[in-house]
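Asks: Structure here, sequence nowhere to be found:
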């Protein structure tokens, strides 16, 4: 851990003290195989707490004034709150973005044969400030620096690239490693100062010498001024040349190399804003067909669009919509049917959507209804009014597929997250918390009791902590490793015993 | 009655949310506010379709946004079409229906179906109040567009509402065009099946609205005067 020095893109900040706090612990799993569930994850926990606070507290010459200093309010409300989590295409890197505009990248240590139990832990690889708060003078609005989404680009050379976005601006970052440096310049000395030419009596060829690994992050492109409304999603196209960004009313297509223009491909803004009834909530490109993308709406519908059909894809190719169940009608029916996340399966055949109470699997070939519906926390249906009052009903949960598209995962409250096996139809509720994740522990399935028989360790609905919500989760592209963001903590769980089953 | 109370409570909570969203860091969240306005609309429908006299909100001189909704939203309810309310108003089934409401909007439009005055007190008052709302902008326009058969709104009950116009005007600014658009589009919105886009209904709405001259009168000035606010939303 000590060998890596992280370079902030504005200044150099050494993270040893915080790195010590960010400890990755691996616990070997010796538990017996539980045949009732075939998920169980051992705990490999990486805590990301307090990076900002540590930086602020090191108020020293090393921390120049332009490092965002959290106000007293922020320390409690959390510039550390993780707002997005994303594995890269190989799963080697895991990026997280937070409310303070920072991105932290974790790298998986290569598995070593000498220490079989120490394989694959994720350590901090790089940290940088992606976005800063801005002020829009024209509208007298502050633009939040919170990172809404991070998407990795497929790796094309030694460098890694990712896109990060806040409400208004998307940035392309290039992450490179440097482990050699040239020594022996003719005109400069070791500190870089120009030599007195009279002292130079012979010429030498500079030699590359190994040095401590340094990770450098540089902003390569800034895609600004493309959006009037708040950007909610970005998606890189399978052609690896273009990507799209979606806000509440519009979707723009960008070329990764061109920042001064973008093409508007969806515009649902009505001529008269008074006619507004629906907004775009999420969008994604199809994983294989570079002409297809889907976007979800606040009304619970999905629209699949084909960019070959026309330049402006306002008219969808397919509309996926399930008629509302009239028996479930309430004041809040419209809110809970709003789709908060949409994800294509790895195969490209299915789409996964999350609304407030359910996750649904849609077959691209069937527009009338989803092929599978899973209840995430139906016990909340009777509590919608309170959840409306405390704003929890507006929480936007994400959803994820596993690598083989056989299991889907999503978060819930009380730091619970849920997994549904599509084949066995079994589901499990797990908890991401320090208290319940002791060393060498297998994650214990949790249960929320809704009245009736209450088992030991059950949680009653009324004692759920609604401030502990798991909105962002990610699944490793090929292995059973999951990353769970619980407010300002990141949990990484690995399923070792059953890795051969998937 | 409990539905009414719950609906009223939800209406006040919703307005509180819209109001507090103004000062939010990062600007108005369009999605959240749209959802809040949808809830507001649903709650208002239930509230109005419920029988029973709602408690008279006292004329508050300064910023009681939660007191505004019942009279204000009742005004728009007065423009509802003669169609039966959608299923969500199951609570209001025993209500005589929109007909008496409409009658009382401008009570000289036609004989009232005999609904007793007390339940409609707030509505009468609010019809006038609505006419006063955003008064500098609305009044001249209202006078222009009023077709001859419809006399001007009852003024005596309106006088006492003068002091509330400031609050209502500020409420309109909070609502902006997108949300009041939902409310003013209420009649059109309810004609369409739940899953249709609003756009489809727009075409049929004018035709049906023409059958109700009073309704046009109520709609148009509301819509027109709220257009300035749409530029605010557009700018946002």
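Replies: Yes, it's here. These numbers were taken from a predicted model, which means no experiment stands behind them.
Asks: How about the contacts made by residue A:332?
Replies: A:384, A:385, A:388, A:393, B:39 (Cβ atoms under 8 Å, 6 or more residues apart in numbering or on different chains). In short, each C-beta sits where N, CA and C put it, glycine included.
Asks: Please work out which residue of chain A is closest to chain B.
Replies: Nearest to chain B, among the residues of chain A, is residue A:274, at 2.3 Å (Cβ to the nearest Cβ).
Asks: Mind checking what secondary structure that residue has?
Replies: helix (DSSP: H, G, I helix; E, B strand; the rest coil).
Asks: picking that back up, only the buried members of the contacts of residue A:332: can you turn that into a PyMOL selection?
Replies: Of these, the buried ones can be selected in PyMOL as follows, counting by 16 or more other Cβ atoms under 10 Å in any protein chain shown:
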select buried, (chain A and resi 384+385+388+393) or (chain B and resi 39)
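Asks: Let me have the contacts of residue A:332 in JSON lines, extended by pLDDT and secondary structure.
Replies: Below are those laid out as JSON lines (pLDDT from 0 to 100; DSSP: H, G, I helix; E, B strand; the rest coil):
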{"residue": "A:384", "pLDDT": "94", "secondary structure": "helix"}
{"residue": "A:385", "pLDDT": "93", "secondary structure": "helix"}
{"residue": "A:388", "pLDDT": "96", "secondary structure": "helix"}
{"residue": "A:393", "pLDDT": "97", "secondary structure": "helix"}
{"residue": "B:39", "pLDDT": "91", "secondary structure": "helix"}
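Asks: Go through the contacts of residue A:332 and name the one nearest residue A:139.
Replies: residue B:39 (26.3 Å; Cβ to Cβ).
Asks: Could you measure from that closest one over to chain A?
Replies: From residue B:39 across to chain A, the span is 5 Å (Cβ to the nearest Cβ, to the nearest Å).
Asks: those strands in the stretch 301-450 of chain A, which residues are they?
Replies: For the stretch 301-450 of chain A, applying DSSP state E, counting those that start in this stretch gives strands covering A:302-306, A:318-320, A:341-344, A:350-354, A:358-363, A:372-375, A:399-401, A:407-411, A:416-421, A:427-431, A:448-449.
Asks: among these, which gets the worst mean confidence?
Replies: The weakest mean pLDDT among the strands of the stretch 301-450 of chain A belongs to strand A:448-449, with a mean of 90.
Asks: Off-centre distance for that one?
Replies: Here strand A:448-449 shows a centroid-to-chain-centroid distance of 28 Å under the convention Cα atoms, centre = their mean, to the nearest Å.
Asks: next SSE after that strand?
Replies: strand A:459-460 (DSSP states H and E).
Asks: Show me which residues of stretch A:452-469 are buried.
Replies: Those would be A:459, A:461, A:464, A:468, A:469, for stretch A:452-469 by 16+ other Cβ under 10 Å.
Asks: Could I get the pLDDT score of the residue nearest to the third one when sequence neighbours are not counted?
Replies: Same thing as residue A:464. Of all residues not flanking residue A:464 in the chain, residue A:414 sits nearest, at 4.5 Å (Cβ to Cβ, 6 or more residues apart in numbering or on different chains). What the model reports as pLDDT for residue A:414 is 96.
Asks: again, but for residue A:139
Replies: For residue A:139, pLDDT reads 84.
Asks: That one is in contact with residue B:26, isn't it?
Replies: No: under the criterion of Cβ atoms under 8 Å, residue A:139 is not in contact with residue B:26, lying 11.4 Å apart.
Asks: In contact with residue A:487: list those residues for me.
Replies: Neighbours of residue A:487 in contact, by Cβ under 8 Å, 6+ apart: A:78, A:81, A:82, A:467, A:468, A:469.
Asks: confidence score at it?
Replies: pLDDT, residue A:487: 93.
Asks: what separates it from residue A:421, distance-wise?
Replies: 27 Å (Cβ to Cβ, to the nearest Å).
Asks: May I ask which helix or strand encompasses residue A:208?
Replies: strand A:207-223.
Asks: Next, see if the next helix or strand after that strand gets close to chain B.
Replies: Downstream of strand A:207-223, the first helix or strand assigned by DSSP H and E is strand A:233-236. No: residues of strand A:233-236 are not located near chain B by Cβ under 8 Å from any Cβ of the partner chain, the shortest gap being 12.2 Å.
Asks: now strand A:233-236, how far from the centre of its chain.
Replies: 12 Å.
Asks: low pLDDT regions in the chain?
Replies: Using chain A. Counting by pLDDT under 70, chain A contains low-confidence ranges at A:1-77, A:113-119, A:435-441, A:496-502.
Asks: wrong chain, I was asking about chain B
Replies: B:52-236.
Asks: can you do 90?
Replies: B:1-6, B:19, B:21-28, B:41-236 (pLDDT under 90).
Asks: Helix or strand for residue A:163, just tell me which one.
Replies: Judged by DSSP H and E, residue A:163 forms part of strand A:160-165.
Asks: circling back to that earlier point, would you mark the buried spots in the strand holding residue A:208?
Replies: A:214, A:215, A:217, A:221, A:223.
Asks: Next, count neighbours for residue A:138.
Replies: 7 (other Cβ atoms under 10 Å in any protein chain shown).
Asks: Checking it next. Helix, strand or coil?
Replies: coil.
Asks: roughly how far apart are it and residue A:214?
Replies: From residue A:138 to residue A:214 the distance is 40 Å (Cβ to Cβ).
Asks: how many other residues sit next to residue A:105?
Replies: Going by other Cβ under 10 Å, the residues that sit close to residue A:105 add up to 25.
Asks: hmm, who's touching stretch A:317-327?
Replies: So stretch A:317-327 is in contact with A:292, A:300-306, A:309, A:333, A:337, A:351, A:360, A:362, A:364, A:366-370, B:87, B:194-195, going by Cβ under 8 Å, 6+ apart.
Asks: can you check stretch A:303-313 too?
Replies: Contacts for stretch A:303-313 (Cβ under 8 Å, 6+ apart): A:251, A:253, A:263-267, A:291-297, A:315-320, A:364.
Asks: Could you tell me the angle between the helix or strand harbouring residue A:492 and strand A:416-421?
Replies: Per DSSP H and E: residue A:492 is located in strand A:489-494. What separates the directions of strand A:489-494 and strand A:416-421 is an angle of 30 degrees, with axes from the mean of the first three to the mean of the last three Cα atoms, to 10 degrees.
Asks: Sheet partners, orientation included, of strand A:489-494?
Replies: strand A:42-46 (antiparallel), strand A:481-486 (antiparallel) (DSSP bridges).
Asks: And stretch A:400-416, end to end?
Replies: 15 Å (Cα to Cα, to the nearest Å).
Asks: gap between it and the chain center?
Replies: With Cα atoms, centre = their mean, you get 13 Å for stretch A:400-416.
Asks: again with stretch A:377-396
Replies: Distance, centroid of stretch A:377-396 to centroid of chain: 23 Å (Cα atoms, centre = their mean).
Asks: Spell out which parts of the stretch 201-350 of chain A neighbour chain B.
Replies: A:228-230, A:232, A:248-249, A:270, A:272-279, A:281, A:298-299, A:301, A:321, A:323-324, A:326, A:329, A:331-335, A:338.
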